[in-house]
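[1] Dropping a prediction and its sequence here:
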Amino acid sequence: MKSYAHRIERALAQAHEAGLDGLLVTPGPDLVYFTGYQPTAITERLTVLVLVAGRDPHLVVPVLERPDAEAADGVAAVTLADWKDGDDPYAVLAGLVAPRGRYALSDSAWAMHLLALQLAQPSVRCTSMTSTLPMLRAVKEEDEVERLAAAGAAADAAYEKIVGVRFAGRTETGVGTELARLLREFGHSQVDFTVVGSGPNGANPHHEMGDRVIRDGDMVVLDFGGLKDGYGSDTTRTVHVGPPTAGEQEVFDVVRAAQQAALEAVRPGVACQEIDRVARQLITDAGYGQFFIHRVGHGIGLTTHEPPYLVRGEEHTLVPGMCFSIEPGIYLPGQFGVRIEDIVTVTETGGRRLNNTDHGLRIVA
């Protein structure tokens, strides 16, 4: 309970600095973060945590869902305000927010709830949580980092198993299905994605695995992750079916060097965009800049994509406890792609990898 109360206190301080009166937190990762409560189903019934400086936190919840809410770890730190079918839940909510107040609203909020609140309390103004409080969940507590490390280790174990299967002659879907099974075997409760991009399909960073049969001589991009004990994994390794050509090895070596250089640039006080710049400059200097077509990284926690984003223009500085991917890539249309991705956490002195499988070009059968 102490941790949840501390998170609420810290969030209200950030809101004050941003010129906000508070936060309106709807079902999704933000609500889990502040209360541990995740409704079994996100429905049309209003559920919202109201955080206002100087007032007790209130969770507006349908009365039929109150028992589930009361069982959540952090709900003891808030006051429940329930409502019954036939009541006006927006009148309840309107009574908890300040007239003419300005609030950060969860990005996952339903538009119907926001519009109904504006009818009940027209002077209230809402803004996107991510746009106004982008670092809300970015700095992880020690327990969160260790959960992310455990998720990363489970993904690593799945990788070590998948490279032992035969690739040549199997479809991308066949390999991806096996990879998803392995993630669950090693403790993932949810598999969010398994990208298997073979040969020319690897030049599409978000290729959806299909029926292409993997062949001898293919470069294969494996990008996979999900949730373990509520926290995300996300890693990418690129393997090759049989020995690579000199050109393929050259591209791989450039990506590997860029990924290592970006990791070595991680330290407290460095701007997020600097990590992107370091990797991008190395790839550009090698002559492949136009083929690196995405940001170098994204935050991870209760979801697999969240702030901070390591991209040009992001001037937030790195803080110990931030966790994010570092995943440079080179994508040659019609030929192949290469990407290497680790989750990294910022320490007091630099960066710590949470994925620890070999970074070399693994040869598979």
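    Sure thing, it's come through.

[2] Kindly format the C-alpha coordinates of the longest helix anywhere in the chain as PDB.
    Counting residues, the longest helix found in the chain (DSSP state H) is helix 142-162. C-alpha atoms of helix 142-162 as PDB (Å, rounded to 0.1, in the frame of the first residue of the first chain):
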ATOM      1  CA  GLU A 142      13.500  -1.600  -7.800                       C
ATOM      2  CA  ASP A 143      10.800  -4.300  -7.800                       C
ATOM      3  CA  GLU A 144       9.600  -3.200 -11.200                       C
ATOM      4  CA  VAL A 145      13.100  -3.400 -12.600                       C
ATOM      5  CA  GLU A 146      13.500  -6.900 -11.300                       C
ATOM      6  CA  ARG A 147      10.200  -8.000 -12.800                       C
ATOM      7  CA  LEU A 148      11.400  -6.600 -16.100                       C
ATOM      8  CA  ALA A 149      14.700  -8.500 -15.700                       C
ATOM      9  CA  ALA A 150      12.800 -11.700 -15.000                       C
ATOM     10  CA  ALA A 151      10.600 -11.100 -18.100                       C
ATOM     11  CA  GLY A 152      13.800 -10.500 -20.100                       C
ATOM     12  CA  ALA A 153      15.400 -13.700 -18.800                       C
ATOM     13  CA  ALA A 154      12.300 -15.700 -19.800                       C
ATOM     14  CA  ALA A 155      12.400 -14.200 -23.300                       C
ATOM     15  CA  ASP A 156      16.100 -15.100 -23.500                       C
ATOM     16  CA  ALA A 157      15.400 -18.700 -22.500                       C
ATOM     17  CA  ALA A 158      12.800 -18.900 -25.300                       C
ATOM     18  CA  TYR A 159      15.300 -17.600 -27.800                       C
ATOM     19  CA  GLU A 160      17.900 -20.200 -26.700                       C
ATOM     20  CA  LYS A 161      15.400 -22.900 -27.400                       C
ATOM     21  CA  ILE A 162      14.100 -21.600 -30.700                       C
END
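
[3] which residues touch it?
    Applying CB atoms under 8 Å, 6 or more residues apart in numbering, the contact partners of helix 142-162 are 3, 140, 175, 178-179, 182-183, 185-188, 222, 224-225, 227-235, 237, 300-301, 321, 323, 343, 345, 354-357. C-beta here means a position set from N, CA and C on the backbone, and glycine is covered the same way.

[4] and it, average pLDDT?
    Mean pLDDT, helix 142-162: 98.

[5] Which of the residues in that helix are classified as buried?
    By 16 or more other CB atoms under 10 Å, the buried positions in helix 142-162 come out as 144-145, 147-159, 161-162.

[6] State the next helix or strand along the chain beyond that helix.
    Where DSSP states H and E defines the elements, the next helix or strand beyond helix 142-162 is helix 172-185.

[7] what angle sits between that next one and helix 142-162?
    140 degrees (axes from the mean of the first three to the mean of the last three CA atoms, to 10 degrees).

[8] Quick check, pLDDT for the residue lying farthest from the centre of the chain.
    Distance to the chain centre peaks in the chain at Gly86, reaching 37.7 Å (criterion: CA atoms, centre = their mean). Looking at Gly86, its pLDDT reads 93.

[9] try the one 4 residues further on
    Looking at Tyr90, its pLDDT stands at 95.

[10] Equivalent analysis for Ala76, please.
    87.

[11] hang on, it in a strand?
    No: the assignment for Ala76, made by DSSP: H, G, I helix; E, B strand; the rest coil, is helix rather than a strand.

[12] Now that Gly351 has come up, it's in contact with Val344, right?
    Yes: counting by CB atoms under 8 Å, Val344 is a contact partner of Gly351 at 4.6 Å.

[13] Spit out the residues that contact the two alike.
    Between them, Gly351 and Val344 share these contacting residues under CB under 8 Å, 6+ apart: 263, 266.

[14] And the helices in the stretch 201-350 of the chain, which stretches?
    Shown for the stretch 201-350 of the chain, the helices assigned by DSSP state H, counting those that start in this stretch span residues 246-264, 272-285.

[15] on that earlier part again, of Gly351 and Val344, which one has the most company?
    Val344 (27 against 22; other CB atoms under 10 Å).

[16] What about the residue nearest to Arg184 when sequence neighbours are not counted, how many residues nearby?
    Distances taken as CB to CB, 6 or more residues apart in numbering put Val191 closest to Arg184, at 6.6 Å, once the chain neighbours are dropped. By other CB under 10 Å, the residues close to Val191 number 19.

[17] pLDDT score assigned to Val191?
    Val191 is given a pLDDT of 97.

[18] what do you get for Ile42?
    Ile42 is assigned a predicted lDDT (pLDDT) of 69.

[19] quick one: Asp30 and Ala104 touch, right?
    No: between Asp30 and Ala104 no contact is recorded; they are 9.4 Å apart, counting by CB under 8 Å.

[20] Report the set of residues contacting both of these two.
    Shared contacts of Asp30 and Ala104, counting by CB under 8 Å, 6+ apart, come down to Met129.

[21] Filter the contacts of helix 142-162 down to the buried ones.
    Listed as buried from those are 140, 175, 178-179, 182-183, 186-188, 222, 224-225, 227-228, 230-235, 237, 300-301, 321, 323, 343, 345, 354-355, 357; burial here means 16+ other CB under 10 Å.

[22] Could you give the number of residues near the residue lying closest to Asp56 once chain neighbours are set aside?
    Spatial nearest neighbour of Asp56, chain neighbours left out: Thr79 (5.1 Å); criterion: CB to CB, 6+ apart. Using other CB under 10 Å, Thr79 has 12 neighbouring residues.
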